[in-house]
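> pasting the sequence and the predicted model now:
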Amino acid sequence: MLDPDEIVNSAKPDERSIMTYVSSYYHAFSGAQQAETAASRICKVLGVNQENERLMDEYEKLASDLLEWIKKKKPWLEDRSLSEDTLPAAQGKMDEFRGYRRGEKPPKIEQKGRLETNFNTLQTRLRLNNRPAFMPTEGKMIGDINKAWKGLETAERGFEEWLLSEMRRLERLDHLAKKFRLKCQIHEDWSSGKVEMLQELDYKSLSLHEIKALRRKHEAFQSDLAAHQDRVEQIAAIAQELNDLEYPQIAEVNTRCQVICDQWDTLGALTVKRSQALDDAETVLDRIDKLHLEFAIKAAPFYNWMDGAREDLGDMFIVHSVEEIQELMDAHEKFKKTLPDAQSEYDSIVQLANEVVQIGNQYDIKCALQNPYTALKVQVESEQGKPNGIEDDSKDITSKWADLNNLVPERDEALNRETYKQQSHEQLRLQFANKANVIGPWIAKQMEAITAVTMSGSGTLEDQHHYMVQYDSAVNQFKPNIDELEVISQRVQEAMIFENRHTEFTMETIRVGWEQLLTAIQRNISEIDNQILTRDSKGITEEQLKEFRASFQHFDKNHSLKLEPFEFRCCLMSLGYAVKEDDKAQDPEFNRIMLICDPNGTGYITFQAFLDFVTSEVTDTDTAEQVMTSFKVLAGNKPYITADELRRELPPDQAEYCIARMAAYTGEDAVPGALDYMSFSTALYGESDL
């Protein structure tokens, strides 16, 4: 045995010594505590058993509750259906699942953890207390619970995956459905009325340029149609995807898609058909247009030719000789020879119009008769065999051609009537000419005889007067010939004959010549009377008178019995008057003499005016100054005279003549009723206005 000091001081005491000491102590105290130890052991064993039983009961209850909850939740998680196959329903399901994850499952996870902890603790306690391992009720083993939990989590993952997939699917479906409806709406808006438009037969009433414009418009539509092909394909693809994703309203989608596809096929077929119809219409209208153009090229000159021909045929011709009417007859015959060629031209024009109408009827083209190149038309045969009417007859070649053909015989008749008429006129011309060709020279001869008598101045003035009176009587005996010619002339005028190539004389020239002859005779008689009066009143001798006549006739170079101003100047110079030789120089004296001899400004001097002037220069005559002096005597040397003085001094008629023509005196010494005799005196001699 070792001492205590040895034990303490030894680095490694002997194990057997230590065990001997421990055993000694144990045996020393074991008897004293045996009862206490037995009681403690019993209490401890019972406590352990009670705790183990509690843990077993708690395990069973937790396991039952957890398995029951798993059993209850698993069908819900395995359910792959929604109350409504819509995104809001899926979102509601997801919210419910999130509530399960966040609110319901965490306590169960904690319960499962406690269950596993309790089971492990229980098993450890049982093993430590030499108890048999705890065997839970069948189906409630930890493995069973883990298996059930694993199934729950598998169902949960599957449910979440399904729900997310379903949400994605529904979201995609919702997007596709909206996209489908939008594209369908856009397409339907675009295609609205397109079928009706393509089925229209509007091109049947259009002209060629309108058809070309419509065709370009249709080509633009075809391009637009091709551009919409992609949209239709997108609509079909979206519809197919909606079918693949099992869109709940897929029947409606399929119906709408089918309608659009059918309509698209219809549009395509109608587009091709309309394109072909427009091509055909353009080809036909191009043919019609060429016919119209050819018609216009032929019709315009033909129509103008007919206008000219109708104008010539209907011309209100005026002819004045047989030769002229014969020229018209020859021209008309020449025109009639051109009618066969004109008929051929007319037939070709009508053939063109008939061809246009036949094509229009064949292809039911309503605008076929409308010629854009001309307003001219012809009457063509319709399907019923009746000519188509034309509203504007002024542009109707057919009616104008018919009128022209009707005018030809009318022109023949008119020319024949005019030929007969001109032959009758020719007889009247010859009858008038035969008579006028006798009378005209006779009148001219008589005028020459009168001029010769006047120019010769042979014999006394009384002898000349007696000769002219006898000559006047002899001329008047020729008057029946003039009257007979007047009758013939009246017939000529009534026949509207204005020219006569068989004579240079007309009734007017004969009449004027006859009147001039009679006037010349009367003028000569009157001049002789005036010369006798001048001779007697002024005391001129016969020799002086002959001298004046000889001077006048010497300078009357053309024997017109009138002197021009230059001739008159020369005559005055020969008589010794102081006038200038140059007629262009200013000559107051010559101007004074001209004013006396030609007060009216006729530009010539007659023999009587010449005689009055030269006789006034060589004889004593009254003047304005002499008359003024006489009135001054009657007025008592006053510058005015009164009406009473005139009535007292003059005969009544002469006094009233003077009172009526005298102007009022306006001098400062005038009295009421004073008259101006000075201005009256100058007016009497043409020196002022009366």
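Structure received.

> wasn't Gly603 part of a helix?
No: assessed by DSSP: H, G, I helix; E, B strand; the rest coil, Gly603 does not belong to a helix; its assignment is coil.

> please begin residue numbering at 427 from this point
Sounds good: first residue 427 from here, last item Gly1029.

> quick one: it and Asp688, what's the gap?
111 Å (CB to CB, to the nearest Å). Where you see a C-beta, it was placed from the backbone N, CA and C, and this is true even at glycine.

> ok, Asp706 next?
Plainly put, Asp706 is 27 Å away from Asp688 if you go by CB to CB.

> and what of Phe545?
Applying CB to CB, the value for Phe545 to Asp688 is 71 Å.

> help me confirm that Leu651 comes into contact with Thr697.
Yes: contact criterion CB atoms under 8 Å: Leu651 and Thr697 qualify, at 5.9 Å.

> show me where pLDDT drops low in the stretch 927-1076 of the chain?
For the stretch 927-1076 of the chain, applying pLDDT under 70 flags the ranges 960-968, 970, 1008-1011, 1042-1049.

> repeat for the stretch 677-826 of the chain
Looking at the stretch 677-826 of the chain by pLDDT under 70, you get 792-794, 807-820.

> what do you get if the cut-off is 80, keeping everything else the same?
Applying pLDDT under 80 to the stretch 677-826 of the chain flags the ranges 740-747, 789-796, 806-821.

> all helices of it, in order?
748-763, 765-788, 823-882 (DSSP state H, counting those that start in this stretch).

> how about stretch 722-735 as CSV, C-alpha atoms only?
The C-alpha coordinates for stretch 722-735 follow below in CSV (Å, rounded to 0.1, in the frame of the first residue of the first chain):
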residue,chain,number,x,y,z
ALA,A,722,-61.6,61.7,-135.4
ILE,A,723,-58.8,62.0,-138.0
LYS,A,724,-61.2,61.2,-140.8
ALA,A,725,-64.3,62.8,-139.4
ALA,A,726,-63.0,66.3,-138.7
PRO,A,727,-61.8,67.1,-142.3
PHE,A,728,-64.9,65.3,-143.7
TYR,A,729,-67.2,67.3,-141.4
ASN,A,730,-65.4,70.5,-142.4
TRP,A,731,-65.7,69.6,-146.0
MET,A,732,-69.4,69.0,-145.5
ASP,A,733,-69.8,72.3,-143.8
GLY,A,734,-68.1,74.0,-146.7
ALA,A,735,-70.1,72.0,-149.2
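
> and for the spatially closest residue to Leu624 that is not a sequence neighbour, the neighbour number?
With CB to CB, 6 or more residues apart in numbering as the criterion, Leu624 has its nearest non-adjacent residue at 3.8 Å, and that residue is Leu696. Leu696: 17 surrounding residues under other CB atoms under 10 Å.

> what do you get for the one 4 residues further on?
Neighbourhood size, Arg700 [other CB under 10 Å]: 22.

> please apply the same query to Ala1089.
Neighbours of Ala1089 using other CB under 10 Å come to 14.

> give me the phi and psi for it.
With angles defined as degrees, to the nearest 10, Ala1089 sits at phi -80, psi 160.

> show me the contacts for it.
Leu1101, Asp1102, Ser1105, Phe1106 (CB atoms under 8 Å, 6 or more residues apart in numbering).

> for the host helix or strand of Glu1071, buried residues please.
In this assignment (DSSP states H and E), Glu1071 forms part of helix 1069-1075. If you call a residue buried by 16 or more other CB atoms under 10 Å, then helix 1069-1075 has these buried ones: Glu1071, Leu1072.

> beyond it, next helix or strand please.
For helix 1069-1075, the following helix or strand on the C-terminal side (DSSP H and E) is helix 1078-1087.

> go through that next one and flag the buried ones.
Ala1081, Cys1084, Ile1085.

> in this structure, what residue spans correspond to strands?
Residue ranges of the strands in the chain, as given by DSSP state E, are 988-989, 1031-1032, 1089-1090, 1101-1102.

> still on that earlier bit, which one of the helices of the stretch 677-826 of the chain lies nearest to Glu672?
Smallest distance to Glu672 across the helices of the stretch 677-826 of the chain (CB to CB): 58.4 Å, for helix 765-788.

> just give the closest residue to Glu1015, not the sequence neighbours.
Spatially, and ignoring its direct neighbours in sequence, Glu1015 is nearest to Val1005 (5.5 Å; CB to CB, 6+ apart).

> check Tyr673 too.
Leaving aside its sequence neighbours, Tyr673 sits nearest to Leu599 (CB to CB, 6+ apart; 5.0 Å).

> ok, Met755 - contacts?
Taking CB under 8 Å, 6+ apart, we find Met755 in contact with Leu841, Thr845.

> hang on, I meant Gln625
By CB under 8 Å, 6+ apart, the contact list for Gln625 reads Leu696.

> about what we covered before: quick one: closest of the helices of the stretch 677-826 of the chain to Lys531.
Nearest to Lys531 among the helices of the stretch 677-826 of the chain is helix 765-788 (87.6 Å), distances taken as CB to CB.

> quick one: the closest one to helix 823-882, angle?
Computed with axes from the mean of the first three to the mean of the last three CA atoms, to 10 degrees, the direction of helix 765-788 lies at 150 degrees from that of helix 823-882.

> for helix 765-788, list the C-alpha coordinates in PDB.
Output in PDB follows, covering the C-alpha atoms of helix 765-788 (Å, rounded to 0.1, in the frame of the first residue of the first chain):
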ATOM      1  CA  LEU A 765     -69.700  62.900-154.300                       C
ATOM      2  CA  PRO A 766     -68.800  59.200-155.000                       C
ATOM      3  CA  ASP A 767     -65.400  59.700-153.300                       C
ATOM      4  CA  ALA A 768     -67.200  61.500-150.500                       C
ATOM      5  CA  GLN A 769     -69.700  58.600-150.200                       C
ATOM      6  CA  SER A 770     -66.800  56.200-149.800                       C
ATOM      7  CA  GLU A 771     -65.200  58.400-147.100                       C
ATOM      8  CA  TYR A 772     -68.500  58.600-145.300                       C
ATOM      9  CA  ASP A 773     -68.900  54.800-145.500                       C
ATOM     10  CA  SER A 774     -65.400  54.300-144.000                       C
ATOM     11  CA  ILE A 775     -66.200  56.700-141.100                       C
ATOM     12  CA  VAL A 776     -69.500  54.900-140.400                       C
ATOM     13  CA  GLN A 777     -67.700  51.500-140.500                       C
ATOM     14  CA  LEU A 778     -65.300  52.800-137.800                       C
ATOM     15  CA  ALA A 779     -68.200  53.900-135.600                       C
ATOM     16  CA  ASN A 780     -70.000  50.600-136.200                       C
ATOM     17  CA  GLU A 781     -66.900  48.700-135.200                       C
ATOM     18  CA  VAL A 782     -66.700  50.700-132.000                       C
ATOM     19  CA  VAL A 783     -70.300  50.000-131.100                       C
ATOM     20  CA  GLN A 784     -69.900  46.300-131.800                       C
ATOM     21  CA  ILE A 785     -66.900  46.100-129.500                       C
ATOM     22  CA  GLY A 786     -68.700  48.100-126.900                       C
ATOM     23  CA  ASN A 787     -71.700  45.800-127.100                       C
ATOM     24  CA  GLN A 788     -69.600  42.700-127.100                       C
END
